[in-house]
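Asker: Give me coordinates for this.
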Amino acid sequence: MAQPYIKTILEKSSPYLKTIFTDDQLCELVEKTLYLTDEKNIQKVVDAWSAIYIDFVKRDYQRRYKDTDKQLDEFITYKDDGVKIIWGGCLDVLKAMKPESIHLMVTSPPYYNARDYSHWSNLSDYLEEMRAVIREAYRVLDNNRVFLWNVGDIYDNDNLFTKSVWGKRRIPLGAYFIKIFEEERFTFVDDYIWDKGEVQSERQKNGDKPYPFYQYPMNCYEHILIFHKHRNDDIRYPCPLCGCLQVNGNAFTEIGLRSWECKNRDCFRRSAADRGKRFSLKTIMTQGRQSKEAAIDNSFIKRYRRDIIKINPVIKINSKGKNKLGHSAPFPLEIPEMAVRFFSYPEEIVLDPFGGSMTSVIAAQQNNRVGVGIELNKDMFLNSVRENLKNRIKGDVMISEFDYDWSCLELEQR
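Answerer: Next up, the predicted model:
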């Protein structure tokens, strides 16, 4: 009687497995595969084995980080269909999070000195603080995943040379952030231009001076920057056809993204040139999860076919002159919704490190993802955030809150 195919995978992969795991770890890994005995569907066995192995490798990598706050991690990863709010400083919370535990990040950071609650002494201080957040975000974001960063260029004084009113200038935050992200090992992929359709500033109208050197455009757009994380990982991954770890390193398909080629002579498919399957950890994810639940409808794809997108700004003030969202700088739901549908799968975790009015959290929940938002200004935004979530999330959904400063977990049921 032929042995179960999982034993074939383990036997062919054993020489490599013994080089990266201890005997105890290897026993633990093998125990997780004992139920994979369905010989009627070998591909199902291969897929299940790959998922077990990839998860095992990730958990081994995560254990090396000693500063994970276990209570915070349990709060984030606990399975439910609600939304999760973390009250605390963005950088402090990120530093306490488990490595590569978030599947998508999407945010609009506080703009340099654009609001009463977000002021820095100069542009350098602002950019260095944002750099620290981006650096920690790289550690927390899962490998081969996406960070969407919505930011607008501004007209202000950088306070680096003079504090005079004459020191005001156009500050290209989008360009600065692309450089910072790439220096912190992200890869720049795309820049969607958000056409806001309305002039958002009064930069030097100079209507009474129709002469050369007095004319400047008004700011009516923002950047929606897309970055990939590809951490260079030398760990081998299983061939998606035969499941074996008899693979050799191949070319890098993107910066930091290593590909592999199957060298198992008994693999189920080889090319006409007798080459084995070529793949990467990213292709295992993207090609293996093309389910009906993850499909994006054509009309939604068509809307974002061009990289200039017209989206109306959020109307915050109602007919009574009241800010109905309780936040001075919310961004449209369309932006995080695009990120959620294009760059994550159902039930995955979406994090907004600058939660604000929690628009990203709402977009995640509305699309069957787990939305997590971090917000520093609890005293300022607590009531407005709760009200906004209760008015906009779908169904009878639990709103979970974690006060990181006090390590206190509070659960509320709508």
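Asker: okay, and for the stretch 151-300 of the chain, where does confidence drop off?
Answerer: Applying pLDDT under 70 to the stretch 151-300 of the chain flags residues 199-207.
Asker: Tell me who's in contact with Leu382.
Answerer: Trp87 (CB atoms under 8 Å, 6 or more residues apart in numbering). (Glycine included, C-beta is placed from N, CA and C.)
Asker: where's the one helix or strand it maps to relative to the chain centroid, distance-wise?
Answerer: Here Leu382, judged by DSSP states H and E, is contained in helix 378-392. With CA atoms, centre = their mean, to the nearest Å as the basis, helix 378-392 stands 23 Å off its chain's centre.
Asker: following it, which helix or strand shows up next?
Answerer: strand 398-403.
Asker: Going by contacts, tell me the helices and strands next to that following strand.
Answerer: Judged by 3 or more CB pairs under 8 Å, 6 or more residues apart in numbering; DSSP states H and E, strand 398-403 is in contact with helix 70-77, strand 83-87, helix 378-392, strand 408-413.
Asker: The helix holding Leu382: which residues count as buried?
Answerer: 381, 384-386, 388-389, 392 (16 or more other CB atoms under 10 Å).
Asker: Alpha carbons only: can I get that helix in CSV?
Answerer: What follows is helix 378-392, C-alpha atoms only, in CSV (Å, rounded to 0.1, in the frame of the first residue of the first chain):
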residue,chain,number,x,y,z
LYS,A,378,-8.6,59.8,23.3
ASP,A,379,-9.8,62.8,25.2
MET,A,380,-10.5,64.7,22.0
PHE,A,381,-12.0,62.0,19.8
LEU,A,382,-13.4,59.3,22.1
ASN,A,383,-17.1,60.3,21.8
SER,A,384,-17.0,61.2,18.1
VAL,A,385,-15.2,57.9,17.2
ARG,A,386,-17.8,55.8,19.0
GLU,A,387,-20.7,57.7,17.5
ASN,A,388,-19.1,57.5,14.0
LEU,A,389,-18.6,53.8,14.2
LYS,A,390,-22.1,53.1,15.5
ASN,A,391,-23.6,55.1,12.7
ARG,A,392,-21.6,53.7,9.9
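Asker: Any chance of CSV for the helices and strands packed on strand 398-403, columns distance to Ile52 and mean pLDDT?
Answerer: Formatted as CSV, those follow (distance: least, CB to CB, whole Å; pLDDT from 0 to 100):
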stretch, distance to Ile52, mean pLDDT
helix 70-77, 18, 95
strand 83-87, 27, 94
helix 378-392, 36, 85
strand 408-413, 31, 41
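Asker: need the ones you listed in TSV with distance to Ala272, can you?
Answerer: Formatted as TSV, the helices and strands packed on strand 398-403 follow (distance: least, CB to CB, whole Å):
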stretch	distance to Ala272
helix 70-77	45
strand 83-87	51
helix 378-392	55
strand 408-413	58
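Asker: Any idea which of these gets closest to Gly243?
Answerer: Closest approach to Gly243 among the helices and strands packed on strand 398-403 is made by helix 70-77 (26.9 Å; CB to CB).
Asker: contacting residues around that closest one?
Answerer: 84, 86, 93, 96-98, 101, 349, 372, 400, 402, 404, 407, 409.
Asker: ditto for stretch 179-198
Answerer: Residues external to stretch 179-198 that are found in contact with it (CB under 8 Å, 6+ apart): 127, 130-131, 134-135, 138, 146-147, 149-150, 174, 178, 220-231, 254-256, 304, 307-313, 335.
Asker: Mind doing that once more with 7 Å?
Answerer: Contact partners of stretch 179-198, identified using CB atoms under 7 Å, 6 or more residues apart in numbering, comprise 127, 130-131, 134-135, 138, 147, 178, 220-230, 254-255, 307-313.
Asker: Same question for stretch 79-87.
Answerer: In contact with stretch 79-87 (CB under 7 Å, 6+ apart) are residues 75-76, 93, 355, 358, 361, 365, 371-375, 378, 385, 389, 393, 397-405.
Asker: Straight-line length of it, end to end?
Answerer: 20 Å (CA to CA, to the nearest Å).
Asker: what packs against the longest helix along the chain?
Answerer: Secondary structure of the chain per DSSP state H: the longest helix is helix 42-62. Other elements packing on helix 42-62 under the criterion 3 or more CB pairs under 7 Å, 6 or more residues apart in numbering; DSSP states H and E are helix 5-20.
Asker: Next, the angle from the helix it packs on to helix 42-62.
Answerer: Here helix 5-20 points in a direction 20 degrees away from that of helix 42-62 (axes from the mean of the first three to the mean of the last three CA atoms, to 10 degrees).
Asker: Now whichever helix or strand comes after helix 5-20: average pLDDT?
Answerer: Note on helix 5-20: by DSSP H and E, the next helix or strand toward the C-terminus is helix 23-31. For helix 23-31, the mean per-residue pLDDT is 96.
Asker: List of residues touching helix 23-31?
Answerer: By CB under 7 Å, 6+ apart, the residues outside helix 23-31 that reach it are 10, 17-18, 21, 56.
Asker: Ok, which of the helices and strands packed on strand 398-403 comes nearest Lys209?
Answerer: The minimum distance between Lys209 and the helices and strands packed on strand 398-403 falls on helix 378-392, with 40.7 Å, by CB to CB.
Asker: tell me the angle the closest one makes with strand 398-403.
Answerer: Put simply, helix 378-392 runs at 170 degrees to strand 398-403, going by the same axes, to 10 degrees.
Asker: among the helices and strands packed on strand 398-403, which is nearest Tyr111?
Answerer: helix 378-392 (16.6 Å).
Asker: ok and the closest one relative to strand 83-87, angle-wise?
Answerer: Counting by the same axes, to 10 degrees, helix 378-392 lies at 170 degrees to strand 83-87.
Asker: Sort out which residues of the longest helix of the chain are buried, please.
Answerer: Under the neighbour-count criterion of 16+ other CB under 10 Å, helix 42-62 has 42, 45-50, 52-54, 56-58 buried.
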